[in-house]
Structures are given as C-alpha cells and as structure tokens.
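**Q** what's the 3D shape of this:
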Amino acid sequence: MTAMPQMKSALDNRTLANALRMLAIDAVEQAKSGHPGAPMGLADTAEVLWNRYLKHNPADPRWPDRDRFILSNGHSSMLLYALLHLSGYDLPLDELKRFRQLHSKTPGHPEVGVTPGVETTTGPLGQGLANAVGMALAEKLLAEEFNRPTHTIVNHRTFVFVGDGCLMEGISHEVCSLAGTLGLEKLVAFYDDNGISIDGHVRGWFTDDTPSRFEAYGWRVIRDVDGHDPAAIESAIRTAFKTCGKPTLVCCKTVIGWGAPNKAGSHDVHGAPLGAEEVAATRQALGWAYAPFEIPAQIREEWDARRKGERMQRKWEQRFEVYAGEYPVPAAEFRRRMAGDLPADFDVQANAWMTGVVRATEAIATRKASQLAIEALASMLPELLGGSADLTGSNLTNWKASRTVGRNEGGNYVHYGVREFGMTAIINGLALHGGYIPFGGTFLVFSDYARNGLRMAALMRLRSIFVFTHDSIGLGEDGPTHQPVEHAMSLRLIPNMDVWRPCDLLETAVSWRAAVERRDGPTSLLLSRQNLPAQRGDGDRAGLTARGGYVLVDAPTGEPDLVLIATGSEVTLAIKAKEILSGQGVSVRVVSMPSTTVFDRQDLAYRRSVLPDGVKRIAIEAGATALWWKYVGLDGAVIGMDGFGESAPASALFPHFGFTAERIAETARLLVHSAHGLS
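**A** As a prediction, the model looks like this:
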C-alpha cells in the first residue's frame, strides 16, 4: 500500500483504517453479537472520507453547516461508532466495550439522539439512503433561500454508505429516481459492492446493472473504484465534488471482512462474530500487535478531528456574523428555523386564525378544511414544506403561495410522484436536517406502503406530518382496494405517533396546529373526502379539541345514561342518535375523540370527567374495532368494521354497513335497558 502524499504524518491510510477494523472486531467479539464484515470492508473508504474530506466538528454535532454522514447499511454500526470515537465525539471507549448492551450509547443499529454524531436511526435497509435524499434536498432549498451572491452560509454535503441490501429494497428506486430528477448534486452515495448478503453471494438473486440503473436515474456514476485503495477512493471523491448538477454514486468494489484470512469474502463474516481463533489470525494478518480495544496514542492523534473541526466551524461562524451584519433578518430567521423554534408571534397569529375558524358554520370535507389550515399556517410558517405522492388534487395539500420544487429552482412544494414510502422517508430526512416542518399527503389506505417510514418517524420522534385523506368507506366508489378499514387503528398502535381524525373544520384546524407545534414526535392527519357539517358543541371547543377527546354535547343534566364516543364523519351520526334517544327518554352525552393518542396523555381526572365511571359507552367509527374496547369496556359496545368495504357511493355504503343513527340508537337502547334489567 502506497501512502497518500497528503498524509499529515508518517502513518499510512491502512494503519488508520485498521484501527476502525479492530475496534469493530473487538466490540462484536465482546458482545458475541453484531456485524463485523461490512465495517472491515468499508474501513478504507471511511478513513479517506472522514480524515480528508468530511466537514464536521466532534465538539458540536449540531453545527448547522456540517456535512451529514449516514450509514444506511446500519447493521455495520460499529464502523460508525469507531469513527465517532476516534474522531473525538463524546463516545468513550467504554461505550464501545458495551456494544449492544442495555442503555449503552452503542446500540445494535445507530439511533439518533442516543449517540452523539449519529444523524439518523438506520437499520431497515434503504431508509438511511432515503433520509440522505431528504437532507440533501433540505440543503439545496435552504441554500436557495438564504445564500446571497457574496455570502454562502449553507454549503454542505450529504454522504451516505449503502450496501447491496439498501439497493435491493424498493425504496432505493423511489428516492434515487427523485434525487436524480431534482439534481441533488451535494448528495454522494458510496455503494459497498461486496456481493454478499446474509444468504450468501447475491449473484443468485441480485444481478442488476447498478451503475447503469443510477445513470438512468440521472446520477453521475463513478464505476469500479477499488474500495481498498486510498488513492482510488480519493480520486473518486474529488470527482464527486466537481459540479455537474447531479448526485453521485461511487461504486466501491470491496471484500466483506477484509483482513480476515479465512472468512473474508464470505457470508460467514456478515452477521456473526469472527470467533477467537479468526480474531487472532486477523490481528496477525493485519500486523496489529495491540490488545483488544487498544489504540496507540499516535493513531489516536491522527484520528482526532476536534481542532480541525473547531477551526472549520469558527470560520463558518465568522462568515455568518458578517452575513448577519448585512442581512440581519434572514440571519435571525435561519437561526430560528435551524433551532426548530416557531416564530415569536406564532401564538398571536394562530389565535387570531382560530377565532375565525370557531365562527365558521359551513359543511366541508376535512381534506378541504386541511387545505384551508395549510393556507393559514403557510402564511405564518415559511418553514412549512409540503408535498404529495401524485395526489395533490385529491389530498389538497397545496396552497395559493405554494411553489413547486424543481431541478433548477427552489420552492416549498414537492411533487413526490407515486412514491409513498420514499416520500415518507424523505420527509423524515428533511425533519432531521432542520430548517423545515415537512408534510406530505396520500390516501390513508396507502399508508401501508409507507408503514416502516412512519414507524421510523415515531421511533426518532421527528416533527414529520403525514396527511392521509379518503379516510373511510366514505370515499365511495373506488371500493375496498382504496377504502381503509384497519389503517386508523394500526397507526394508533405506533408508539409516539399522534393520530387525528377530525370531524369538522374546527377540529381539523386544531389538529394541524397541534401537529406544527409538536416537537417530540410525528403526526398523522386522517381526513374525509365527503363533506361533514360544522358541529355546535358546549364550551371552548378549540381548547377542548386540543385535549384529544372532549364532551361535544352533554346530557341535559350532565349525568348521562349513556356516552356515545365517535370520530370523524361518525360524529354526525352520534349527534343524530342522541336526538333519537332523547325522544325515548335516554339521557346521552356525545364525546368527540379526534385523537385517542392525545386523549390518553391527559390526566386521569380529565379523562374521567369525559368518560365517567359506571356509565355505559358505545364507540362508533367506520373502521376496525380493536382498540375501542379499552374506552367502552366489556359491558359497552363498538359499532365499527372488521371486514372490507364495497364499491358504491358513500350514501349507500354507510347504511349497508350499519352506520346509521337508527342502528346506534337501537344498540344504545338495548345497552341502557340491559343495565337497568329491563327488556
């Protein structure tokens, strides 16, 4: 191996890369669990990138203009942990020794918020690549908005390591196609082309011409790079830095488990420790004469990036101060948005908007109510970045001032195409990067396509907003393929995901406001195609709606015989059923529960005030019944659907499936009479 002429000391690249290899080997061996092969194969590429080209400061992992580095093949997490530790991040050696152990900072797959320097949680293959596309898109749009001809304050790259598995996953097609179309030239992906997955040599199931595939997407492709030759790697990176208006794929030919004399190049080294005998043989083969986890001082000094990182950040901060002196308003706006804060006057503006909403009386589809909310919020929040998966005219996710993001122009609206999963993961990348509150829309039934991205948003507690319209059999003639039944309930099962199914204009506005104000998790908004009447309830409906569930209309005496709980379009049915039951002498309280997830976070006293103990309850929703039983109890009832829909107008479907005020009233009458021992 020939040392690079620009090396800052006599130590060669291979020695520095071997430090990564051995930390990964030792940590996996001690844990008796993990994936040593990819870290060993990618060590040479990582060493050149991190020591020579990555712009970062270990002392400040949140520096706005740092380069982003994503390990999409997250099973190779020990590579990233070794990089972070050696570079000087707050990741002590003891944490590497606790790899994959309870409460360590080195979990089995990288987790944002757990390990300093980790930009996103990766593990489900391909999603890190998709997050990287979102980050590169954020950089492009922020640069367009905030840079000035003589001042460049947004100028960083997004680097992502991907493996065969990432490129086999369909999400890679969705996001890389869009990245090429949008010309995200600050995005550089390194393909770890080692030809091995868990089942063995991938040639039996993965024979794509990957370079040609990416060229067809509109990427610049650097083919056949020797991933173990620092000179070839450096040459490829320099080429990737040259302006061409395209993202870059660097195809690195590597050997999985490089350095292991008996297991390199085989699937045996993919997902299991090398074993004591092979570890010893690898140490000898690499000439690594040090004990487990021992890194000599000279190697540590070569890896330490803190002083260099502090210099880079200081220079950027000095440039930013000059920028702020000349452009104080955009400078303050940039700081605010990267901090994730809402504008100082947001509450005043939002309250004024809500005052008008409360007075509205028209019947309106909640998807249209959502568009009106977007229109209002976009005027208050320049960071709102919308989009839809080819359904803009149906999701109603655009607004009057929305501008389409294109290859050569910035904007605030992304046409994602028919790419629900890709859109969801890109939104997560935008949220991770900072500077935007991103949202995207599709039909609720297609949340199935996006499911894992939704889960990752919740796991990472991102401020991602997902607009799902056509929320029930109420969408009508498109039939059971498009009518969501289990979807609302399944979204409510995702921890940290707030799910709102509003019943009218006011509840929709409240749910949107809650979504943009929330900083500790994502929000799903479930919206109707059909018009729904404005409700006239008791008390401060806006304030009560924000609690997730509330008494919409109470029994005359405040002491009901029965509580009807409903969401969305079914709230109207509950109100009509109350009128029928009142005529039969049954005292009824109607509870609107647009968000069970938010309601569940309220204090016990409030929840009991809404759903009093000892009173029979019926839940009504045109969807799966499972979770409603926890609100009604075993002696209550649920009117819902545990089968699929039909193709017909909504006006025919609701009565066909039993969603009528009369059926609700009859169920209620029987329930109340049984409670009193009457027939």
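**Q** from here on, contacts and neighbour counts on C-alpha atoms
**A** Fine.
**Q** in this structure, what spans have low per-residue confidence?
**A** For the chain, the stretches with pLDDT under 70 are 1-10, 675-679.
**Q** Count the neighbours of residue 648 for me.
**A** By other Cα atoms under 10 Å, 18 other residues sit near residue 648.
**Q** and it, helix, strand or coil?
**A** What DSSP: H, G, I helix; E, B strand; the rest coil gives for residue 648 is coil.
**Q** Numbering from 517 from now on, please.
**A** New numbering, starting at 517: the last item is residue 1164.
**Q** That one: what's its closest spatial neighbour, skipping adjacent residues?
**A** Closest residue to residue 1164 apart from its sequence neighbours, by Cα to Cα, 6 or more residues apart in numbering: residue 993 at 4.4 Å.
**Q** Phi and psi next, for that neighbour.
**A** Backbone torsions for residue 993, taken as degrees, to the nearest 10, come to phi -70, psi -20.
**Q** what sits against it?
**A** 1162, 1163, 1164, 1165, 1166 (Cα atoms under 8 Å, 6 or more residues apart in numbering).
**Q** ok, the residues you listed vs residue 1034, which is closest?
**A** Nearest to residue 1034 among the contacts of residue 993: residue 1166, at 33.8 Å, using Cα to Cα.
**Q** ok, that closest one - how many residues close by?
**A** 18.
**Q** So it sits against residue 989, correct?
**A** Yes: using Cα atoms under 8 Å, residue 1166 is in contact with residue 989, at 6.7 Å.
**Q** in the stretch 967-1116 of the chain, which spans are strands?
**A** For the stretch 967-1116 of the chain, the strands defined by DSSP state E, counting those that start in this stretch cover 981-985, 1014-1016, 1039-1043, 1047-1048, 1066-1069, 1078-1082, 1104-1108.
**Q** Which of those strands sits closest to residue 872?
**A** strand 1047-1048 (18.2 Å).
**Q** Leaving out the residues flanking it, which one is nearest to residue 891?
**A** In space, residue 891 comes closest to residue 915 once its chain neighbours are excluded; the distance is 5.4 Å by Cα to Cα, 6+ apart.
**Q** same question but for residue 971, I mixed them up
**A** Leaving aside its sequence neighbours, residue 971 sits nearest to residue 1010 (Cα to Cα, 6+ apart; 6.5 Å).
**Q** Distance check, the one you found against residue 939.
**A** Noted for residue 1010: a distance of 19 Å to residue 939, by Cα to Cα, to the nearest Å.
**Q** Which one's more surrounded, these two?
**A** A direct count of neighbours by other Cα under 10 Å for residue 1010 and residue 939 places residue 939 higher, at 32 against 17.
**Q** by contact count, what packs against the host helix or strand of that one?
**A** Here residue 939, judged by DSSP states H and E, is contained in helix 936-949. Helices and strands touching helix 936-949, by 3 or more Cα pairs under 8 Å, 6 or more residues apart in numbering; DSSP states H and E, are helix 643-662, helix 686-698, strand 953-959, helix 963-976.
**Q** Among the ones you listed, which comes closest to residue 1022?
**A** Among these, strand 953-959 sits nearest to residue 1022 (Cα to Cα), with 19.9 Å.
**Q** okay, the angle between the closest one and strand 981-985?
**A** For strand 953-959 against strand 981-985, the angle between stretch directions is 20 degrees (axes from the mean of the first three to the mean of the last three Cα atoms, to 10 degrees).
**Q** And strand 953-959, how far out from the chain middle?
**A** With Cα atoms, centre = their mean, to the nearest Å as the basis, strand 953-959 stands 11 Å off its chain's centre.
**Q** Stretch 1056-1073 too?
**A** 32 Å.
**Q** Give me the buried positions along that stretch.
**A** 1057-1058, 1060-1071 (16 or more other Cα atoms under 10 Å).
**Q** Let's see which of these end up in helices.
**A** 1057, 1058, 1060, 1061 (DSSP state H).
**Q** Quick one: these as CSV, columns for distance to residue 859 too.
**A** Below are those laid out as CSV (distance: Cα to Cα, whole Å):
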residue, distance to residue 859
1057, 25
1058, 21
1060, 24
1061, 23
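**Q** Out of these, which is nearest to residue 818?
**A** Set against residue 818, the nearest of these by Cα to Cα is residue 1061 (57.4 Å).
**Q** give me every residue that touches the closest one.
**A** Neighbours of residue 1061 in contact, by Cα under 8 Å, 6+ apart: 1023, 1026, 1109, 1110.
**Q** and the two most separated of the residues you listed?
**A** Largest separation among those by Cα to Cα: 1026 and 1109, giving 12.6 Å.
**Q** Could I get the contacts of residue 1061 in JSON lines, plus columns for neighbour count and distance to residue 953?
**A** Below are those laid out as JSON lines (neighbours: other Cα atoms under 10 Å; distance: Cα to Cα, whole Å):
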{"residue": "1023", "neighbour count": "30", "distance to residue 953": "21"}
{"residue": "1026", "neighbour count": "25", "distance to residue 953": "17"}
{"residue": "1109", "neighbour count": "27", "distance to residue 953": "26"}
{"residue": "1110", "neighbour count": "31", "distance to residue 953": "22"}
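**Q** quick check, residue 859 in a strand?
**A** No: assignment of residue 859 by three-state DSSP gives coil, placing it outside any strand.
**Q** OK, contacts around it?
**A** 852, 896, 897.
**Q** could you dump those residues to a markdown table with neighbour count, secondary structure and distance to residue 949?
**A** Output for the contacts of residue 859, formatted as a markdown table (neighbours: other Cα atoms under 10 Å; DSSP: H, G, I helix; E, B strand; the rest coil; distance: Cα to Cα, whole Å):
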| residue | neighbour count | secondary structure | distance to residue 949 |
| --- | --- | --- | --- |
| 852 | 15 | helix | 14 |
| 896 | 17 | helix | 21 |
| 897 | 17 | coil | 17 |
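**Q** Buried residues of stretch 829-843, list them for me.
**A** Those would be 829, 832, 836, 839, 840, for stretch 829-843 by 16+ other Cα under 10 Å.
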